[in-house]
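Colleague: just need the structure, nothing else, for what follows:
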Amino acid sequence: MEYILPLKDCHSHFTELVGGKAMGLGSLLRQELPVPSGFAVSTHAYREFVEVTGLDRAIQMNLRGADTIDEQRRVSERIRGLFEESKLQDSLLAELTEAYMQLSPHGMQPVAVRSSSVSEDAAEASFAGEHDTYLWIEGPDAVAKNVLRCWSSLFTPQALSYFKQFGIRANETAMGVVVQTMVAAEAAGVMITIDPMTGDRSQISIEGSCGLGLAVVGGEVTPDRYFVDKVTLDIRSRMISPKSVAYRFDSQAGEVRRIDVPEEEQMKPCLTEEEVVAIAALGKQVERSLGTAQDIEWALGPWIDGKRDIFLLQTRPETVWRNKQAAPLASSQTSIMDRLVGNMSMPMRIV
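Modeller: Next up is the predicted model:
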């Protein structure tokens, strides 16, 4: 195919072609780790699209003089509207439809459509979280629509601010897109293979909540937190927080919805001890393979025969401590839990 690559073929030397997210997923698949199947829409497809439609010139014109926050917001809205009013070129739409149908041999497979910018995981400035993800998309037409929406998220107000701050020109970057089969997550969250507060490399830090990962990534809940010894995989400490909202797919409405969690369920841990250790073990394996601390998104599928399968949805290099000297470890009188409790404002149950 000219525009699309299977995720397993997204090697590190293809980062400029598929973006950081697709490259990270490709590395996980080649380790035979549990990653939902999918494919990448290349940056070549993006560059050809903006050239053929004339959007490249329209983007450059709109960006002139967009120096203030208010102007960046207005320009972002105009540029994103241009993308979302457009249609994919026929050759790309045909490839996209074929690739999607290969994921859906028995019907309309729900997928996640996720941005994969060539700039989002740069060491100097992490763009992680600045671009869009769309969940539970069904059908090739809907996938095509959300590819355009992901492309348009290259020009959010936050991204335009980054471009200005780091001297990046619009024609110097591009957006790839990842399309993956959807995980009907019972729990989801993030894992960093160091202590994100101190840079302690002997620790794996896991955060999670019920349902899809939107509530955690979006900061809508205080997640459960687990701190695991990287060497022994013993759980050093954990903090269970009230999780008042969750995102789940509503089959009747045909969309992902934010729901209120019943009060009696809010303090239930989102993970079992066995699941915490299993997630940490995967994080340790990924870090060892890629050679640096990782920031990983994970999800647990539905309960089947008394267990839930773990899926890795994304990995990228940890950027905060990557080029810093780690702080000295706390004294034996101060636990990781003690340090973190001082930064928490929400009530929680400490186990």
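Colleague: pLDDT averaged over stretch 194-210 - what is it?
Modeller: Across stretch 194-210, pLDDT averages out at 93.
Colleague: can you give me the end-to-end span of that stretch?
Modeller: 23 Å (CA to CA, to the nearest Å).
Colleague: for that stretch, which positions count as buried?
Modeller: 194-200, 203-210 (16 or more other CB atoms under 10 Å). From N, CA and C alone the C-beta is placed, and that goes for glycine too.
Colleague: pick out the most distant pair among those residues.
Modeller: With CB to CB as the measure, no two of those lie farther apart than 199 and 210, at 29.6 Å.
Colleague: how about the residue most central in space within the chain, nearest residue that isn't a chain neighbour?
Modeller: Note on the chain: the residue nearest the mean C-alpha position is residue 314, at 5.6 Å, using CA atoms, centre = their mean. Excluding the flanking residues, the one nearest residue 314 by CB to CB, 6 or more residues apart in numbering is residue 297, at 4.2 Å.
Colleague: quick one: least confident helix or strand in the protein?
Modeller: strand 349-350 (a mean of 42; mean pLDDT, DSSP states H and E).
Colleague: please name the strands paired to the host helix or strand of residue 299 in the sheet, noting orientation.
Modeller: Using DSSP states H and E, residue 299 maps to strand 294-304. Strands adjacent to strand 294-304 in the sheet, as given by DSSP bridges, are strand 187-192 (antiparallel), strand 307-317 (antiparallel).
Colleague: quick check: which ranges of the stretch 251-351 of the chain have low pLDDT?
Modeller: Applying pLDDT under 70 to the stretch 251-351 of the chain flags the ranges 322-351.
Colleague: just the helices in it please.
Modeller: Ranges of helices within the stretch 251-351 of the chain are 273-290, 336-341, based on DSSP state H, counting those that start in this stretch.
Colleague: out of the ones you listed, which one sits most buried?
Modeller: Among these, helix 273-290 has the highest mean neighbour count (mean count of other CB atoms under 10 Å), at a mean of 18.
Colleague: which residues are contacting that one?
Modeller: With CB atoms under 8 Å, 6 or more residues apart in numbering as the test, helix 273-290 has contacts from 27-28, 31, 33-34, 187, 191, 193, 204, 206, 226, 228, 230, 233, 235, 238, 271, 293-294, 296, 298, 300, 308, 310, 312, 315, 317.
Colleague: residue 295 against residue 192, yeah?
Modeller: Yes: the criterion here is CB atoms under 8 Å, and residue 295 meets it with residue 192 at 5.3 Å.
Colleague: which residues do those two both contact?
Modeller: Going by CB under 8 Å, 6+ apart, residues that sit against residue 295 and also against residue 192 are residue 318.
Colleague: quick one on the thing from earlier: of the contacts of helix 273-290, buried ones?
Modeller: 27-28, 33, 187, 191, 193, 204, 206, 226, 228, 230, 235, 238, 271, 293-294, 296, 298, 300, 308, 310, 312, 315, 317.
Colleague: residue 95: how many residues sit nearby?
Modeller: Other residues lying near residue 95 total 18 when counted by other CB atoms under 10 Å.
Colleague: mind checking how far it is from residue 12?
Modeller: Distance of residue 95 to residue 12, given as CB to CB, to the nearest Å: 24 Å.
Colleague: same check on residue 156?
Modeller: 26 Å.
Colleague: again with residue 48
Modeller: Distance of residue 48 to residue 12, computed by CB to CB: 24 Å.
Colleague: more crowded one of those two?
Modeller: residue 48 (16 against 11).
Colleague: the more buried one belongs to a helix, doesn't it?
Modeller: Yes: assessed with DSSP: H, G, I helix; E, B strand; the rest coil, residue 48 lies in a helix.
Colleague: in space, what's closest to it - neighbours in sequence excluded?
Modeller: residue 89 is the one closest to residue 48 (CB to CB, 6+ apart), at 7.1 Å.
Colleague: ok, that neighbour - contacts?
Modeller: By CB under 8 Å, 6+ apart, the contact list for residue 89 reads 48, 49, 52.
Colleague: looking at those, spot the one nearest residue 216.
Modeller: residue 49 (32.4 Å).
Colleague: residues in contact with the residue nearest to the centre of the chain?
Modeller: Counting by CB under 8 Å, 6+ apart, the residues that residue 314 touches are 21, 24, 25, 114, 296, 297.
Colleague: ok, now with 10 Å
Modeller: Contact analysis of residue 314 by CB atoms under 10 Å, 6 or more residues apart in numbering lists 20-22, 24-25, 28, 35, 114, 116, 121, 128, 133, 178, 180, 190, 213, 294-298.
Colleague: distance check, the residue nearest to residue 48 against residue 95.
Modeller: Distance, residue 89 to residue 95, using CB to CB: 10 Å.
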